[in-house]
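A.B. asks: dropping the sequence and predicted coords here.
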Amino acid sequence: ICAGYFTVFTCFSVRAGETDYASVFGKNWQKAVAYIDDNKEWMQRICAQNGVDYPFVSAVVFPELIRYSALRDQMEITLLKALYVHFGSEYSNFSVGVFQVKPSCAEEILRYGTKSGGSDLFCHFRDSVINLPVREKRKAIVCELEKPAGEFSFVVTLVRILEKKYNRKKWNTPEEKLRFFSAAFNAGFNFPEKYIRKMMTVNEFHIRLVRPEVTYCYPDISWAIYRSLRE
């Protein structure tokens, strides 16, 4: 029996032959779970405002929360300490976005909506952000990514883009759809469907600064946490 706010997430069933990711990622899994639990209210609100399913979006981005937790710990041990020693606290006081959205990906999300006439996709982003000159837009994007709600809004918008892009797609199962969206989020939503499907089964996910011998499948982790959210 589990206690506290880890109950729903860490006590999910692991089917025969499946990897127990909670054990594999240990404290980093628990930190990712704690983040979702602590920020559930505003994350649910953003999802509701955009008409997307909260457990679905959370599952798509969940591996990034694990990676953020692990890399943050490793960077604090190495890079941040070195920067502090050489340059002082001003240079060591920074962090990587909790949802690990790259500025280049954020640019693609905004660009897609502009080209497709999908202004309805950007309920969070003001027109002034989208239509700014290049340098000012980059500053605005970085500013949004530095705020958890702003960064999560990019994730939600990406899911909405995929919903619109594949709105005529017949998914065989909820698992297939989640794995596809998860692979698209991780590999790049603008890649062709054939490539995204290939990435649904590729083992490339890890939480080390240097690639280890054993890596995991990003969509597998998303599906594991999604099942626990639905149980």
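C.D. replies: Structure's in. What do you need?
A.B. asks: now do the buried residues in the helix or strand harbouring Ala184.
C.D. replies: Using DSSP states H and E, Ala184 maps to helix 174-187. With burial defined by 16 or more other CB atoms under 10 Å, the residues of helix 174-187 counted as buried are 176-187. All C-beta atoms are positioned from the backbone trio N, CA, C, and that covers glycine.
A.B. asks: low pLDDT regions in this structure?
C.D. replies: 1-17, 72-97, 113-131, 231 (pLDDT under 70).
A.B. asks: ok, and the closest non-adjacent residue to Ser58?
C.D. replies: Ile36 (5.8 Å; CB to CB, 6 or more residues apart in numbering).
A.B. asks: the one you found: what's it in contact with?
C.D. replies: 9, 43, 58, 62, 65 (CB atoms under 8 Å, 6 or more residues apart in numbering).
A.B. asks: which residues touch the residue nearest the centre of the chain?
C.D. replies: Here the mean C-alpha position of the chain is nearest to the C-alpha of Val61 (CA atoms, centre = their mean), at a distance of 2.7 Å. Contact analysis of Val61 by CB under 8 Å, 6+ apart lists 99, 152, 155, 185.
A.B. asks: flag every buried residue along whichever strand or helix holds it.
C.D. replies: Per DSSP H and E: Val61 is located in helix 54-77. By 16+ other CB under 10 Å, the buried positions in helix 54-77 come out as 54-72, 75.
A.B. asks: please apply the same query to stretch 206-222.
C.D. replies: Here stretch 206-222 shows 207, 216-222 as buried, counting by 16+ other CB under 10 Å.
A.B. asks: tell me the two of the residues you listed that are most distant?
C.D. replies: Greatest spatial distance among the buried residues of stretch 206-222 (CB to CB): Ile207 and Pro219, at 16.2 Å.
A.B. asks: in this structure, which spans are helices?
C.D. replies: Ranges of helices in the chain, per DSSP state H, are 7-10, 21-38, 40-50, 54-77, 79-87, 89-92, 103-115, 127-130, 134-145, 148-165, 174-187, 193-199, 218-230.
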